[in-house]
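Undergrad: Sharing a model that was predicted from the sequence below.
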Amino acid sequence: MVARAYTVAFEGVEARMVEVQCAMAPGLPGFSIVGLPDKAVSEARDRIRAVLSALSIALPAKKITVNLSPADLPKEGSHFDLPIALALLAALDVIPQDKTAETVALGELSLDGTLVPVLGALPAAMAAAAENRALMCPKACGAEAAWVDATAVFAPRSLSEALHHFNGRSPLAVAQAGEVQGPSDLKDFADVKGQEKAKRALEIAATGRHHVLMVGTPGSGKSMLASRLASILPPLEPTEALETSMIHSLAGLLSEGGINRARPFREPHHTASMAAIVGGGRGAKPGEISLAHNGVLFMDEFPEYPRTVLETLRQPIESGDVVVARANAHVRYPCQFMLVAAANPCKCGYLSDPNRACGKVPVCGEDYMSRISGPLMDRFDLRIEMPPVTLEDLDMPSQAERSAEIAARVAAGRAVQTTRFAGTPLRVNANLEGAALEEVAAPDAEGKALLLKVADRFGLSARGYHRVLRVARTIADLDQSDAVRKPHVAEAVGYRLALAREV
């Protein structure tokens, strides 16, 4: 007879169901695992042998075969330990076979039988709920998995607790979801003196999830402003929080099983590799653009990133997802993020300061900014040239708005979009395209005349034309205006033409 248990294999954020089949047959004693297991899965047999020995359970002198079905799906990770052990124990009649068939299990075994936490408990719980099965995972993963309240989650500390649960000797209580985590240690916009235009641009960007490029001399406040962006972003909606947390679960970034309602803010270093930014490596893990899903990806010293890394951003920015292609896997991750980039105007950083600039001006600036290709530059909705902050600005008492005041306006603008897009897959103005864009963002006669004049005079690309409309719609939403008017278009055009290099 074949005993069965169930677990999952991960393909991006999708957890695919895997049936663990265990059979015993006469022959030379042995323990083999088949079904495209990787090294970590194959080593499970040694860990399981040691654990069963510690529990005084002897394996019979038979040939033991464990098959992971479907056999053509690669199996990676140590989370297969627990389901393999359960299938084996069911084949030995130590636990009821019907009980293991009703449960999706994942967990790594230490040699004393303790269950070690693993990645991916949240998407595994989603898959278990879809199959109308309970989930069993290590104690440390229970609070995370319990956020999927459509299925029961049992979280034993060890294999022996799992055995007692299945045998009915000491049933486990259903795990409780972790705490909702909010933002912590947020910096305030009131700390920033000057740069009012940049603050306004970031307010617009936060409202419509538009991409921003800030160019200015060293010390002009680019990084300071970006680090305070999280303080004006609205919290994640429940569906957004679940989407983002599933990605973070696969990356091991969920803290103590808590779902974070704060929008992600990722800031990779400019030496990061393509795999780190886009995703890849062993197991095709999510990259920074996916970890920033529904949040912000801040890339400081933007031109210093390798050209190949920058060019890989073009497609994900447009499509909102990325496919990590490998020889044995094609993994898709969502990545609807707001890109905020910062750059110096040239290599030395003082292009506009005749007293400090190098002798290569203006060629050095042209060469430096040309590292950002035209097609990539075309994808920035708002471009801001940030002048140096003067000593007089620094010496004046701060009268800047606090983040709470800006956040209230951003929330009001987002509320307008939520009402507008109710019942559709759209969430923010940055998602508008096609007929929906023409219907929602069509400017009045004066605004359209201005936009057509600018498009003809400065050679806006079709993408640039549409992005101006999206930004103008967001500015109108901040003004609580139903119509997109000429002042809204004029402001959007002003951000578009700064640093413009249309293609």
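TA: Okay, I see it. Residues are numbered from 1 along each chain as shown.
Undergrad: Please work out how many residues are found near residue 16.
TA: Neighbours of residue 16 under the rule other C-beta atoms under 10 Å: 12. All C-beta spots, glycine's among them, are computed from the backbone N, C-alpha and C.
Undergrad: for the one 4 residues further on, same thing?
TA: Here the count is done by other C-beta under 10 Å, and residue 20 has 27 residues near it.
Undergrad: and if you look at residue 87?
TA: Counted with other C-beta under 10 Å, the neighbours of residue 87 add up to 29.
Undergrad: and the gap between it and residue 3?
TA: Distance, residue 87 to residue 3, using C-beta to C-beta, to the nearest Å: 5 Å.
Undergrad: Name the residues contacting each of those two.
TA: Shared between the contact lists of residue 87 and residue 3 (criterion: C-beta atoms under 8 Å, 6 or more residues apart in numbering) are residues 21-22, 100.
Undergrad: I'd like those residues written out as TSV, with pLDDT, secondary structure and neighbour count added.
TA: Shown next, in TSV, are those (pLDDT from 0 to 100; DSSP: H, G, I helix; E, B strand; the rest coil; neighbours: other C-beta atoms under 10 Å):
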residue	pLDDT	secondary structure	neighbour count
21	97	strand	18
22	96	strand	26
100	92	helix	24
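Undergrad: Of those, just say which sits nearest to residue 62.
TA: Lowest distance from residue 62 to these (C-beta to C-beta) belongs to residue 22, with 11.3 Å.
Undergrad: Now do the same contact list for that closest one.
TA: The neighbours of residue 22, taking C-beta under 8 Å, 6+ apart as the test, are 2-5, 64-67, 84, 87-88, 90-91.
Undergrad: So the nearest residue to it once chain neighbours are set aside: helix, strand or coil?
TA: Nearest non-adjacent residue to residue 22, counting by C-beta to C-beta, 6 or more residues apart in numbering: residue 87, 3.9 Å away. Here residue 87 is recorded as helix under DSSP: H, G, I helix; E, B strand; the rest coil.
Undergrad: Quick check: residue 214 touching residue 341?
TA: Yes - at 7.1 Å, residue 214 counts as touching residue 341 under the criterion of C-beta atoms under 8 Å.
Undergrad: what's the following helix or strand after the lowest-mean-pLDDT helix or strand in the chain?
TA: Ranking every helix and strand in the chain by mean pLDDT, DSSP states H and E puts helix 391-395 at the bottom, with a mean of 70. Downstream of helix 391-395, the next assigned helix or strand under DSSP states H and E is helix 403-420.
Undergrad: Does whichever helix or strand comes after that following helix pack against any helices or strands, and if so which?
TA: Counting by DSSP H and E, the next helix or strand C-terminal to helix 403-420 is helix 434-440. When contacts are defined as 3 or more C-beta pairs under 8 Å, 6 or more residues apart in numbering; DSSP states H and E, helix 434-440 sits against helix 462-478.
Undergrad: residue contacts, the spatially most central residue of the chain?
TA: In the chain, the residue lying closest to the centroid (C-alpha atoms, centre = their mean) is residue 291, at 2.7 Å. The neighbourhood of residue 291, defined by C-beta under 8 Å, 6+ apart, consists of 247-248, 251, 253, 264, 266.
Undergrad: can you check residue 208 too?
TA: Residue 208 sits next to 413, 417, 428-430, 470-471, 473-474, 477 when contact means C-beta under 8 Å, 6+ apart.
Undergrad: Need the nearest residue in space to it, chain neighbours excluded.
TA: residue 474 (3.3 Å).
Undergrad: about what we covered before: pLDDT wise, what is the residue nearest to residue 22 at?
TA: At residue 87, the predicted lDDT confidence score is 97.
Undergrad: same question, residue 387
TA: What the model reports for residue 387 is a pLDDT of 87.
Undergrad: sorry, back to before: could you tell me the phi and psi values at the residue nearest to the centre of the chain?
TA: The phi/psi pair for residue 291 (degrees, to the nearest 10) reads phi -70, psi -20.
Undergrad: Repeat that for residue 33.
TA: Residue 33 adopts backbone torsions of phi -120, psi 120, taken as degrees, to the nearest 10.
Undergrad: For it, list each beta-bridge partner.
TA: residue 66 (DSSP bridges).
Undergrad: Can you tell me how far it is from residue 8?
TA: For residue 33, the distance to residue 8 (C-beta to C-beta) stands at 16 Å.
Undergrad: out of those two, which sits in the more crowded spot?
TA: Counting neighbours by other C-beta under 10 Å for residue 33 and for residue 8 shows that residue 8 has the greater number, 28 against 22.
Undergrad: For the more buried one, which residues are in contact?
TA: Shown in contact with residue 8 (C-beta under 8 Å, 6+ apart): 15-18, 104, 106, 120, 123-124, 127-128.
Undergrad: same thing but at 7 Å, please
TA: The contact partners of residue 8, by C-beta atoms under 7 Å, 6 or more residues apart in numbering, come to 15-18, 104, 106, 124, 127.
Undergrad: Which ones among the residues you listed lie within strands?
TA: Among the contacts of residue 8, the members found in strands (DSSP state E) are 15-18, 104.
Undergrad: By neighbours, which of those residues wins?
TA: Counting neighbours by other C-beta under 10 Å, residue 104 leads the ones in strands among the contacts of residue 8 with 27 neighbours.
Undergrad: Spatially nearest residue to that one, not counting backbone neighbours?
TA: Closest residue to residue 104 apart from its sequence neighbours, by C-beta to C-beta, 6+ apart: residue 128 at 3.9 Å.
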